[in-house]
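A.B. asks: this is a predicted model, with the sequence first.
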Amino acid sequence: MKKIGLVAIVAVCLLTGAGFGSAMSYGSDETLPPGFNVGGIPLGGQPPEAALETIRARIADLEGIKVSIDPESLGGSDRQDEASGGNAGIAALGLRELGLRIGAEEAVRAIERRRAYSWWERARLRAAGERGETFGITVSWDEDALKREAEAAWGTLVDEEGRDASRTIDDEDRVVYVPEKPRRRIDLSSVFEQIRGLEPDSLADEGGENVRLVRASVERFPPAITEAMLREEGIDRKIVEFSTSFATSGEGRSHNVTAAAMALNDTLLMPGEVFEYGKIVEKAEKEYGYMEAPVILKGKLTPGIGGGICQVSSTLYNAALLTGLEIVERRNHSLPVAYLPRGLDATFASGYVNFKFRNSTGKQLLIRTVVKDKTVTVKLFGTMPDNVSYRTETAELKVNAPKTVYVAGESVAPGGQRVLQQGANGYVVESYLVKTVDGVAAERKRLSRDTYRAQDTLIAVHPDDPRLAPEGGQKPAPESGEGGQPQPPAEDGEIVEPV
């Protein structure tokens with residue numbers, strides 16, 4: 001019996017030792033249990049440190065995937081040419097730079113817990129046939145970083161400033177059009193979506209060094225003004241020009257002619273718009289001011305303010321006639337002017353007489369003026385048939401001889417006389433406009449019938465001279481036709497005409 005008891009004790013000890021040894025063996029095994037899976041990667045049998053390193057490496061690999069813009073998607077941009085033969089010249093960014101964050105926090109916590117188990121807990125779990133868990137991953141985006149980094153790297157790949165079409169007139173009076181250019185800019189909105197689509201579903205997804213190309217679109221912003229729009233306005237060419245000279249004018253009159261011409265320059269008339277010269281006169285006075293120069297008052301030239309501005313209106317009148325425009329209001333001066341044939345002048349008197357015409361071309365009409373070498377030139381740019389032209393004709397109907405008028409002159413000796421004003425004929429004139437089509441006169445119409453008053457010959461004689469009127473004659477007259485103060489717009493019912 002004693003032998004049997006001893007054998008039993010030894011057997012129990014052996015069995016207990018074997019179990020303890022087995023438990024010690026299980027407890028010393030720190031590897032993850034079979035079936036332990038993180039983001040699609042089996043990590044069973046790996047030590048916790050190795051498993052953690054594997055997870056970190058896979059996350060870094062996936063977050064490090066490079067992304068760039070497919071150059072072929074940029075159309076005809078210059079950067080496509082730079083990128084030909086690959087993706088040269090276009091930056092490649094990692095997904096992490098673009099805001100991608102991959103997490104496996106739950107799996108990491110589970111691994112960390114296992115590292116804290118005692119050998120006895122590990123042995124017990126292993127003896128119980130422990131199977132590993134399956135863990136997923138989390139994916140998030142820093143949207144601000146995505147947009148900021150993408151804009152910084154690719155926002156200027158296509159960034160071409162656009163321009164409106166323009167129309168200029170060169171020194172040779174040619175109308176020059178510069179075509180519009182639409183603004184072109186890369187549109188990254190679809191790029192953001194494509195980049196988000198590169199986020200991994202698991203840690204088992206493919207990483208690697210290959211650059212993933214995403215396609216970008218190029219936005220085109222149309223200009224506000226196109227060449228077609230400008231051409232439709234009808235400023236096709238210079239259709240006519242007309243010049244008059246003021247070579248004999250003094251400083252004041254030359255200044256006034258120039259001021260009125262500068263105020264008129266670049267006037268643009270819409271189709272059907274009526275031009276009013278009075279507005280140009282006001283503009284010139286406001287911007288440049290007028291100087292003293294001869295005007296017509298009471299049938300003779302006398303110093304006044306604004307003399308010369310009617311030379312600009314008269315020059316414009318002739319340009320308008322040669323374009324066939326509709327004349328709305330026009331009147332001749334009371335005396336002939338030296339710079340144009342009788343019947344072709346257009347006077348202006350503030351508050352009394354205006355010069356107006358209508359832009360009857362059906363398109364826009366641009367007025368340009370040039371003052372050079374004491375010559376004022378009016379140029380009209382617009383639309384007019386190439387085979388149509390106009391010319392003016394005048395016909396003298398009547399000549400009125402001047403009268404001789406004697407006036408008292410206190411300083412004239414008895415029997416003597418002094419000529420104060422040399423007389424000049426008056427005229428009645430008709431003017432005509434002839435329209436020519438294909439070189440053949442097609443129409444001739446009368447424009448106006450104008451009367452220019454004769455200028456009396458004024459002779460100063462002694463107050464007792466019998467040639468004076470019986471009533472005692474005129475009051476003593478100035479002994480010169482010049483001098484005196486600038487005249488107001490009207491005097492004793494007589495209008496002032498600034499020739």
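C.D. replies: Received the coordinates, thanks. Numbering: from 1, shown residues only.
A.B. asks: burial measure for residue 412, as a count.
C.D. replies: Neighbours of residue 412 under the rule other CB atoms under 10 Å: 19. Bear in mind the C-beta positions are built from the backbone N, C-alpha and C, glycine included.
A.B. asks: quick one: low-confidence parts of the chain?
C.D. replies: 1-29, 76-88, 117, 119-123, 125-130, 294, 296-305, 469-497, 499 (pLDDT under 70).
A.B. asks: nearest spatial neighbour of the one residue sitting closest to the centre of the chain, skipping sequence neighbours?
C.D. replies: Nearest to the geometric centre of the chain sits residue 164, at 5.5 Å (CA atoms, centre = their mean). Among residues not flanking residue 164 along the chain, residue 225 sits closest, at 3.9 Å (CB to CB, 6 or more residues apart in numbering).
A.B. asks: and residue 396, by the same measure?
C.D. replies: Using CB to CB, 6+ apart and skipping the chain neighbours, the partner closest in space to residue 396 is residue 429 (5.6 Å).
A.B. asks: repeat that for residue 418.
C.D. replies: In space, residue 418 is closest to residue 460, 4.5 Å off (CB to CB, 6+ apart).
A.B. asks: for the one you found, give the beta-bridge partners.
C.D. replies: For residue 460, the beta-bridge partners are residue 407, residue 418 (DSSP bridges).
A.B. asks: per-domain residue ranges of this structure.
C.D. replies: Split into domains by automatic domain parsing, the chain comes to 24-221, 234-490.
A.B. asks: check which helix or strand covers residue 195.
C.D. replies: Using DSSP states H and E, residue 195 maps to helix 189-196.
A.B. asks: let me fix that, I meant to ask about residue 315.
C.D. replies: With DSSP H and E as the test, residue 315 turns up in helix 309-323.
A.B. asks: helices and strands around the helix or strand that that helix is followed by, which ones?
C.D. replies: Toward the C-terminus, helix 309-323 is succeeded by strand 326-329 as the next helix or strand (DSSP H and E). Judged by 3 or more CB pairs under 8 Å, 6 or more residues apart in numbering; DSSP states H and E, strand 326-329 is in contact with helix 309-323, strand 356-358.
A.B. asks: for residue 111, which of these is the nearest?
C.D. replies: strand 356-358 (92.6 Å; CB to CB).
A.B. asks: so residue 400 makes contact with residue 455?
C.D. replies: No: applying CB atoms under 8 Å as the test, residue 400 and residue 455 come out as separate, 10.2 Å apart.
A.B. asks: common neighbours of these two, please.
C.D. replies: Counting by CB atoms under 8 Å, 6 or more residues apart in numbering, the shared contacts of residue 400 and residue 455 are residue 426.
A.B. asks: which one's more surrounded, those two?
C.D. replies: Taking other CB under 10 Å, residue 400 and residue 455 do not tie; residue 455 has more neighbours (20 against 14).
A.B. asks: just give the nearest non-adjacent residue to that one, would you?
C.D. replies: Among residues not flanking residue 455 along the chain, residue 424 sits closest, at 4.1 Å (CB to CB, 6+ apart).
A.B. asks: check contacts around that neighbour.
C.D. replies: By CB under 8 Å, 6+ apart, the contact set of residue 424 is 335-336, 402, 454-455.
A.B. asks: let's go with 7 Å and repeat that
C.D. replies: By CB atoms under 7 Å, 6 or more residues apart in numbering, residue 424 lies in contact with 402, 454-455.
A.B. asks: residue 33 and residue 233, how far apart?
C.D. replies: For residue 33, the distance to residue 233 equals 84 Å [CB to CB, to the nearest Å].
A.B. asks: do the same with residue 358
C.D. replies: To residue 233, residue 358 is 17 Å away according to CB to CB.
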